[in-house]
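Novice: A predicted structure for the sequence below; I have some questions about it.
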Amino acid sequence: MRVTQSGLDLNLLVALDVLLDECSVSGAAARLHLSEPAMSRTLGRIRKALGDPVLVRAGRTMVPTPHALAIHGEVRAVVERARGLFLSGGKVDLRALSRTFTVLAQDTLAAISGPALFARIAREAPGVRLRFLMESHVDGPFLREGAADLEVGVLDTRSPEVHREHLYTDRMMGVVRPGHPLLDGEITPDRFAAADHVTVSRRGRTAGPVDTALAELGLSRRVVASVGTLPSSLFILLSSDLVGLTSSRARPLTETLGLRTFEIPFPLPPLPFGMAWHPRHDADPAHAWLRECFRQLAREEAPDDGDGGGGGGGNPLFPVPPGG
């Protein structure tokens with residue numbers, strides 16, 4: 001910000017973070033417990049300090065400028081570091097906490113495990129909002145830049161400083177519509193490979209671990225479609241003779257839709273699910289509470305298929321095969 005040290009107001013960073021989060025003066029005012037005129041004046045001060053409009057009108061909404069988008073990650077990181085600096089004794093009053101956490105994950109996480117997470121948040125920290133951010137088709141330093149607070153799933157992050165924690169190991173399963181010809185008789189590698197397939201890949205890839213395993217058997221499959229999310233693939237499977245993939249923990253979702261799952265008839269690599277976060281959040285008790293929420297869900301909903309988690313039943317956590 002183009003301000004002198006004597007004129008520096010760190011509250012402007014907090015306001016800027018919320019404004020870019022909400023893209024709305026009224027929304028930011030509500031979150032910061034300010035009047036809209038006061039929030040408008042704060043936006044004016046931010047614009048003057050940055051020499052940039054920050055938010056501009058686009059029809060009935062406001063959108064961030066390219067400069068605002070470029071600095072949002074660093075603004076978020078600075079705000080989080082400052083919040084951690086002033087937290088006392090590593091404790092936080094969850095009932096009084098007002099904060100938005102952004103979780104980078106496939107949409108199936110929200111669809112299946114979201115209700116349990118939202119119920120816990122409502123009980124313990126009603127001022128917390130949980131925002132799920134879809135994984136992008138391109139890799140980026142989302143945790144380092146502060147665009148996401150937590151990444152959950154089959155981890156793709158490659159930043160060396162990022163902390164990772166394994167939660168459980170899952171396995172792939174096949175999925176088809178009821179009455180699919182593949183279900184009529186033993187499902188062998190040859191019959192599996194002979195079917196037409198749909199893949200799930202955020203990057204649009206049509207090959208993966210299944211194809212590697214089939215190649216070792218001297219087989220190959222024909223992939224006729226690739227979609228970005230698991231739910232979209234399941235709706236395609238409902239009305240076609242295509243064969244898809246899911247994970248064992250996604251069975252409640254497939255069963256709700258009336259689809260049929262089956263064991264893949266050849267060995268496949270396991271699916272190691274976990275969570276990752278930037279080390280600046282290590283000493284943040286609110287973030288530690290969020291991580292514990294995911295740990296507890298993983299413990300309570302651990303599969304009963306021998307992956308060492310114990311337990312079983314309930315809704316699955318992170319039930320998404322690796323999209324790639």
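Specialist: Sure, I can see it. Residues are numbered from 1 along each chain as shown.
Novice: Could you pull out the strands in the protein for me?
Specialist: For the chain, applying DSSP state E gives strands covering 55-58, 61-64, 99-104, 128-133, 150-153, 163-170, 172-176, 196-200, 222-227, 244-247, 260-262, 271-277.
Novice: got those strands as a markdown table, with distance to residue 208 columns?
Specialist: C-beta coordinates here come from the backbone N, C-alpha and C atoms, glycine included. Below are the strands of the chain laid out as a markdown table (distance: least, CB to CB, whole Å):
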| stretch | distance to residue 208 |
| --- | --- |
| strand 55-58 | 39 |
| strand 61-64 | 36 |
| strand 99-104 | 20 |
| strand 128-133 | 23 |
| strand 150-153 | 15 |
| strand 163-170 | 15 |
| strand 172-176 | 9 |
| strand 196-200 | 7 |
| strand 222-227 | 9 |
| strand 244-247 | 9 |
| strand 260-262 | 18 |
| strand 271-277 | 11 |
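Novice: From the contact counts, what lies against the helix of greatest length in the chain?
Specialist: Assignment by DSSP state H gives helix 66-86 as the longest helix of the chain. If you count contacts as 3 or more CB pairs under 8 Å, 6 or more residues apart in numbering; DSSP states H and E, helix 66-86 packs onto helix 11-22, helix 142-145.
Novice: if I pick residue 110, what's in contact with it?
Specialist: Under the criterion of CB atoms under 8 Å, 6 or more residues apart in numbering, the neighbours of residue 110 are residue 132.
Novice: Over to the one 10 residues further on?
Specialist: Contacts for residue 120 (CB under 8 Å, 6+ apart) come out as residue 293.
Novice: Tell me the bridge partners for residue 176.
Specialist: Counting by DSSP bridges, residue 176 forms beta bridges with residue 260.
Novice: now residue 78: how far from residue 29?
Specialist: Distance, residue 78 to residue 29, by CB to CB, to the nearest Å: 22 Å.
Novice: Between the two, which is the more surrounded one?
Specialist: residue 29 (22 against 18; other CB atoms under 10 Å).
Novice: wait, the more buried one sits on residue 38?
Specialist: Yes. Residue 29 is within contact range of residue 38, at 7.0 Å (criterion: CB atoms under 8 Å).
Novice: okay if I get the strands of the chain as JSON lines plus mean pLDDT?
Specialist: Formatted as JSON lines, the strands of the chain follow (pLDDT from 0 to 100):
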{"stretch": "strand 55-58", "mean pLDDT": "91"}
{"stretch": "strand 61-64", "mean pLDDT": "90"}
{"stretch": "strand 99-104", "mean pLDDT": "90"}
{"stretch": "strand 128-133", "mean pLDDT": "90"}
{"stretch": "strand 150-153", "mean pLDDT": "90"}
{"stretch": "strand 163-170", "mean pLDDT": "90"}
{"stretch": "strand 172-176", "mean pLDDT": "96"}
{"stretch": "strand 196-200", "mean pLDDT": "96"}
{"stretch": "strand 222-227", "mean pLDDT": "94"}
{"stretch": "strand 244-247", "mean pLDDT": "94"}
{"stretch": "strand 260-262", "mean pLDDT": "97"}
{"stretch": "strand 271-277", "mean pLDDT": "91"}
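Novice: Residue 286: which of the ones you listed is closest?
Specialist: Across those, residue 286 has its closest neighbour in strand 99-104 (6.1 Å, CB to CB).
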